[in-house]
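Enquirer: heads up, no residue letters with this:
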């Protein structure tokens, strides 16, 4: 019985560690390209992701407006695919973005996903892609060293 409890606990810790590693992997500055739900209106901006205790803080800057959001690693589909789900408010409306977690050819994070309103049904979800901004991170690291 003790062996079964030990195995169950180690599996739970492994899952927790895996999410923690994903939060660390995703930290950084990203260029953001998107389209709003039910619209052809596109936008560009930046997103800065930083790990906190058990979630990731996301600061979105689009059109000079800065919005703070909260992201959590969750699972989606019957296959329990790990996704980053981010919730934020924009112009008085609650939104949620669900991103697939990937990497570019240099093993930096890359996020792609749907954006949708949490308040009203959407005929066409919005789209977003976040590309790791190596130059911004190098500049930030250089600033921190001084």
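Expert: Alright, I've got the coordinates. The structure displayed is predicted, hence computed values, not measured ones.
Enquirer: what sits against residue 114?
Expert: If you count contacts by CB atoms under 8 Å, 6 or more residues apart in numbering, residue 114 has them with 97, 98, 125, 126, 127, 128. Bear in mind the C-beta positions are built from the backbone N, C-alpha and C, glycine included.
Enquirer: could you give the bridge partners of the residue lying closest to residue 81 once chain neighbours are set aside?
Expert: Nearest residue to residue 81, sequence neighbours excluded (CB to CB, 6 or more residues apart in numbering): residue 75, at 6.4 Å. Beta bridges link residue 75 to residue 82, judged by DSSP bridges.
Enquirer: per-residue confidence for residue 75?
Expert: pLDDT recorded at residue 75 is 94.
Enquirer: so who does it touch?
Expert: Counting by CB under 8 Å, 6+ apart, residue 75 makes contact with 81, 82, 83.
Enquirer: now swap in residue 138 and tell me
Expert: For residue 138, the contact set (CB under 8 Å, 6+ apart) is empty.
Enquirer: so which strand or helix has the residue nearest the centre of the chain?
Expert: In the chain, the residue lying closest to the centroid (CA atoms, centre = their mean) is residue 84, at 4.6 Å. For residue 84, the host element (DSSP states H and E) is strand 81-90.
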